[in-house]
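In: for reference, the sequence and a predicted model appear below.
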Amino acid sequence: MRAKPLVVALGVALLAACKPAAPPPQAETAKQPEAPKAIAYYGTHEPFAANAVYFVLTDRFVNGDKSNDHRDQGKGAALHTFDRPTPGAPKGKSDNVGYLGGDFKGVLDNAQYIKDMGFGAVWITPIVDQPDEAFTGGEPVKWGGFWTDKGKTGYHGYWGVNFYKLDEHLPSKDLDFRGLAKGLRSHGLMTVLDIVINHGSPAFSMPKAQPKFGKIFDADGKLIADHMNLRPDKLDPKNPLNAFYNTKGNLAQLSDINENDPRALPYFLGAYEQWIGQGADAFRIDTIGWMPHPFWHAFTTKIREKHPGFFMFGEAFEFDANKIAEHTWSENAGVSVLDFPLQKALSDVFGGASAHKAGAGFERIGEALHLTDGPYANPYDLMTFYDNHDMPRLDATDEGFIDANNVLFTMRGIPVIYQGSETGFERGTAEHAGNRNYYGQARIDAASDSLIYRQLKRIANLRAQTPALQRGLQVDVELQGDRAAFYRVLQEGKTHQIALVLLNKGAAPAAFAVTDLLQTGRWHAALGGGDVDVAEGGALQATVPAHGVEVYVLDAAVTLPALRAALARARDGAHPRD
C-alpha cells in the first residue's frame, strides 16, 4: 500500500488534536437485538381442516332430474329397483330399499344452501356402477333389520361392479361427475368422494345367478372377477375370475376383495385416480378396518405420489380409540379417521330424547378427545360427528342437536353433518327404520323454520371465519356437567388468534368468570357482539344463555407465560408419534 504524503498526515493529526474524542462507531451503538419470533402454536397444518363437511347420501337427497330415475329397471316385483318399501313398517313410519331418484343435479341445485350453512366440502356416497336389479339372495329385508339385503338395491353406491364407470342414476345429460365437482367448486365447496375397495356387490346365495352381482369389470367393460354365485369357501383360487376374491368373506353376502391378488391394487388405483382427475378433492375410505395395514399403506402412498397432500379419512366402525388410531399412523394408511369414540360420547351427552333421560356431562366428552398423549397421530385431524347413515341418527331434542353442533364446530376435529340432521330429520331412527329416508327439496326449502338449522348456520359460519376454531390447539379450562370453557389458539405466520369458547347445555343461563390462562387485551364477543377489556389479573365475565355458546376472540400474539406453558404442553402432547 502506498504511504500518505507527510504534510497531509501532519494536518490530519493537528485537526484531530483540536476536536473532542469521537463517539463510538454508530454501527456498534445502533445495533439492537432482533425481536424473538413468535412461537408457533397449532393443532394441525392440514389445509382440509378449514372445512366442515356436509354428508350427502346422494340417492336420498334431492331428485333434481327425473329423467335418470330408471323407474322401469329390473323386471318383475322381485327385481325392480325403483321405490321398494321395507316390509313391516309401523303405522305412520316408512323405509325404502329401492332407488328414490336423488342425483348430481339435486346436489348441485342445493350447493348454495350447503355453502350458506357454513360448510366447505360435500361428501357424496360412491358413484360407481351398481347392479341393475334388486338382490334376491340373503335374508329378507325387514323393518329394523340388520345385515339383511334380500330385496335391496345398490341405491347407496356401496355395491360396485365397475369402479371406472359412473352409475346411470346419478348424472344428467349435461352433468357428469366432472361437472358436479366443477359446479361445487364454483360455490366454494370441495368434493369428498366415498370410495370402496374392501368389497364389491352381493355375490352368492341367490336362487339363480343375477347379472352383475358378484362380478367386477375393468375400464373397457371386460369381466375380471366373478364370484359365480358360489359361497366364499367354494371359490377356486386357481380360477382368475375367482382369485380376485377372498375365500373367507366378512360382511353379509358381499364379495370380499383379495388384497393379495396382484391385480387388485392397480385396478383400484387406476379407478380412483381417474375420479381424482375428474375433480375429487378428498376420499372417504369405506370399511378401512377390514383390509390389512400394508395394503392401505401401499394405496395411500401411491395416491400421494401423484397427488401430494391429498386428504383421506377412513371408516373403522370401532369405539376403541387405540384400534382406530392405527390407521392414522404413517407406517399404516397414514390417514384421518371418523371419530367413533367421540361419537359415542356425544350420543351419551346429548342423546336420549326418547327415554327422557338426562345426558352425561361435558366431562364425558373430555375423556374422548385425547388431546395429549393419545393414540392418534394427530387428534386435530379426526372427522367428528354424532350420527350417520350406518347407525341410528342422534336421538335428541332440538336443544340436544343445538348443543351437539356447538361442540362439533368449536372443539378439536373436522365436523361432519349428515344430511337432514340440520333439521332433526328422522331423529333416533336406524337403518331399515327410516335413517336413510328421502330428504327432498321441500324440507330444504323449509329448513329456515328449524331452530336447529338456524343455530347450526350461526356456529358453522363462525368456525368458517375463525382460523383458531379450525386448526388451533385446544386447552381446556372447564369441562364439567352442563358447562364447558376452553381455548383454541392458532399462532403461526401472520395469524395470531386466541379464542375462548364458553358452552352451556343447561336449561338455564350460566354465568362464567374466566381467570385461568386469561391474557390481557380487548376480547371480541364473536356471536353476541361487543368487546370486553381484560386487565392484568382480571376476569372475563359472561352469561351464556340456555343451550347456548359464546366465543370470545383476541387477535394477538400469546404473551401470558402461563398460557404459553399450557400451549407448549398441548402442542407437544398432541403429536406423541412425531
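Out: Done, it's in.
In: after the strand or helix carrying residue 487 comes which helix or strand?
Out: In the assignment (DSSP states H and E), residue 487 maps to strand 483-492. For strand 483-492, the succeeding helix or strand toward the C-terminus, using DSSP H and E, is strand 495-504.
In: what is that next one packed up against?
Out: helix 398-408, helix 467-471, strand 483-492, strand 510-514, strand 540-544, strand 548-554 (3 or more Cβ pairs under 8 Å, 6 or more residues apart in numbering; DSSP states H and E). To be clear about C-beta, it is placed using only N, CA and C from the backbone, and glycine gets the same treatment.
In: contact partners for residue 271?
Out: Neighbouring residues of residue 271 by Cβ atoms under 8 Å, 6 or more residues apart in numbering: 128, 163, 164, 219.
In: try 6 Å
Out: 163, 164 (Cβ atoms under 6 Å, 6 or more residues apart in numbering).
In: so how many other residues sit close to the closest residue to residue 517 other than its chain neighbours?
Out: Of all residues not flanking residue 517 in the chain, residue 563 sits nearest, at 4.5 Å (Cβ to Cβ, 6 or more residues apart in numbering). For residue 563, the neighbour count with other Cβ atoms under 10 Å is 19.
In: all strands for the stretch 201-350 of the chain, in order.
Out: 215-217, 223-226, 254-256, 282-285, 311-314, 336-337 (DSSP state E, counting those that start in this stretch).
In: can you redo those as JSON lines with mean neighbour count?
Out: What follows is the strands of the stretch 201-350 of the chain, written out as JSON lines (neighbours: other Cβ atoms under 10 Å):
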{"stretch": "strand 215-217", "mean neighbour count": "23"}
{"stretch": "strand 223-226", "mean neighbour count": "19"}
{"stretch": "strand 254-256", "mean neighbour count": "26"}
{"stretch": "strand 282-285", "mean neighbour count": "24"}
{"stretch": "strand 311-314", "mean neighbour count": "24"}
{"stretch": "strand 336-337", "mean neighbour count": "28"}
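In: reformat the helices and strands packed on strand 495-504 as TSV; add mean pLDDT and mean neighbour count.
Out: As requested, the helices and strands packed on strand 495-504 are exported to TSV (pLDDT from 0 to 100; neighbours: other Cβ atoms under 10 Å):
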stretch	mean pLDDT	mean neighbour count
helix 398-408	98	24
helix 467-471	98	25
strand 483-492	97	23
strand 510-514	98	16
strand 540-544	97	17
strand 548-554	98	23
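In: residue 304: which of those is closest?
Out: Proximity to residue 304, assessed across the helices and strands packed on strand 495-504 by Cβ to Cβ, is greatest for helix 467-471 (20.5 Å).
In: contacting residues around residue 526?
Out: 462, 551, 553.
In: excluding its backbone neighbours, what's nearest it?
Out: Residue 526's closest residue in space is residue 551 (Cβ to Cβ, 6+ apart), at 4.5 Å.
In: who are the packing partners of the helix or strand encompassing the residue nearest to residue 517?
Out: Secondary structure from DSSP H and E places residue 563 in helix 561-574. Packed against helix 561-574 by the contact rule (3 or more Cβ pairs under 6 Å, 6 or more residues apart in numbering; DSSP states H and E) you find strand 473-480.
In: now the strand it packs on, how far from the centre of its chain.
Out: With Cα atoms, centre = their mean, to the nearest Å as the basis, strand 473-480 stands 22 Å off its chain's centre.
In: got the CA positions of that strand in PDB?
Out: The C-alpha coordinates for strand 473-480 follow below in PDB (Å, rounded to 0.1, in the frame of the first residue of the first chain):
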ATOM      1  CA  LEU A 473     -54.700 -26.100  19.800                       C
ATOM      2  CA  GLN A 474     -57.300 -26.800  22.500                       C
ATOM      3  CA  VAL A 475     -56.600 -26.100  26.100                       C
ATOM      4  CA  ASP A 476     -59.400 -26.900  28.500                       C
ATOM      5  CA  VAL A 477     -60.400 -24.700  31.400                       C
ATOM      6  CA  GLU A 478     -63.600 -26.400  32.500                       C
ATOM      7  CA  LEU A 479     -65.500 -29.500  31.100                       C
ATOM      8  CA  GLN A 480     -68.000 -30.500  33.800                       C
END
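In: would you indicate which residues of it are buried?
Out: 473, 474, 475, 476, 477, 478, 479 (16 or more other Cβ atoms under 10 Å).
In: dump those residues to JSON lines, plus distance to residue 570 and pLDDT.
Out: Converted to JSON lines, the buried residues of strand 473-480 look like this (distance: Cβ to Cβ, whole Å; pLDDT from 0 to 100):
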{"residue": "473", "distance to residue 570": "5", "pLDDT": "98"}
{"residue": "474", "distance to residue 570": "7", "pLDDT": "98"}
{"residue": "475", "distance to residue 570": "5", "pLDDT": "98"}
{"residue": "476", "distance to residue 570": "9", "pLDDT": "98"}
{"residue": "477", "distance to residue 570": "12", "pLDDT": "98"}
{"residue": "478", "distance to residue 570": "16", "pLDDT": "97"}
{"residue": "479", "distance to residue 570": "14", "pLDDT": "97"}
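In: now for those residues: which two are most distant?
Out: Maximum distance among the buried residues of strand 473-480 (Cβ to Cβ): 16.9 Å, for 473 and 478.
In: format the contacts of residue 526 as a markdown table; extra columns: distance to residue 545.
Out: Below are the contacts of residue 526 laid out as a markdown table (distance: Cβ to Cβ, whole Å):
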| residue | distance to residue 545 |
| --- | --- |
| 462 | 16 |
| 551 | 14 |
| 553 | 19 |
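In: show me the contacts for the nearest residue to residue 505 once chain neighbours are set aside.
Out: Distances taken as Cβ to Cβ, 6+ apart place residue 403 nearest to residue 505, at 4.3 Å, with adjacent residues excluded. By Cβ under 6 Å, 6+ apart, the residues touching residue 403 are 350, 505, 547.
In: residue 288 contacts residue 312, doesn't it?
Out: No. Counting by Cβ atoms under 6 Å, residue 288 stays clear of residue 312, with 9.2 Å between them.
In: sec struct for the nearest residue to residue 351 once chain neighbours are set aside, please.
Out: Spatially, and ignoring its direct neighbours in sequence, residue 351 is nearest to residue 395 (4.8 Å; Cβ to Cβ, 6+ apart). At residue 395 the chain is in coil, as set by DSSP: H, G, I helix; E, B strand; the rest coil.
In: quick one: pLDDT of residue 395?
Out: pLDDT for residue 395: 96.
In: for it, grab the count of nearby residues.
Out: Residue 395 - counted by other Cβ under 10 Å - has 18 other residues nearby.
In: distance-wise, check it relative to residue 144.
Out: For residue 395, the distance to residue 144 equals 14 Å [Cβ to Cβ, to the nearest Å].
In: hey, which helix or strand in this structure has the poorest pLDDT?
Out: helix 6-18 (a mean of 35; mean pLDDT, DSSP states H and E).
In: residue nearest the centroid of this protein?
Out: Centroid check for the chain by Cα atoms, centre = their mean gives residue 383 as the closest residue, at 3.9 Å.
In: quickly note the distance from it to residue 301.
Out: 21 Å.
In: do the same with residue 38
Out: With Cβ to Cβ as the criterion, residue 38 and residue 301 are 35 Å apart.
In: for the protein, what are the low-confidence residue spans?
Out: 1-36, 353-358, 576-578 (pLDDT under 70).
In: and the angle from the helix or strand harbouring residue 457 to strand 548-554?
Out: Assigned by DSSP H and E, residue 457 belongs to helix 451-465. With axes from the mean of the first three to the mean of the last three Cα atoms, to 10 degrees applied, the angle from helix 451-465 to strand 548-554 works out at 10 degrees.
In: what segments of the stretch 1-150 of the chain are helices?
Out: With helices called from DSSP state H, counting those that start in this stretch, the stretch 1-150 of the chain shows them at 6-18, 26-30, 104-109, 111-117.
In: so who does residue 202 touch?
Out: Here residue 202 is in contact with 135, 149, 213, 253, 254 (Cβ under 6 Å, 6+ apart).
In: identify the residues contacting the third one.
Out: Spelled out, it's residue 213. Applying Cβ under 6 Å, 6+ apart, the residues contacting residue 213 are 131, 201, 202.
In: which one of the residues you listed is nearest residue 413?
Out: residue 201 (33.2 Å).
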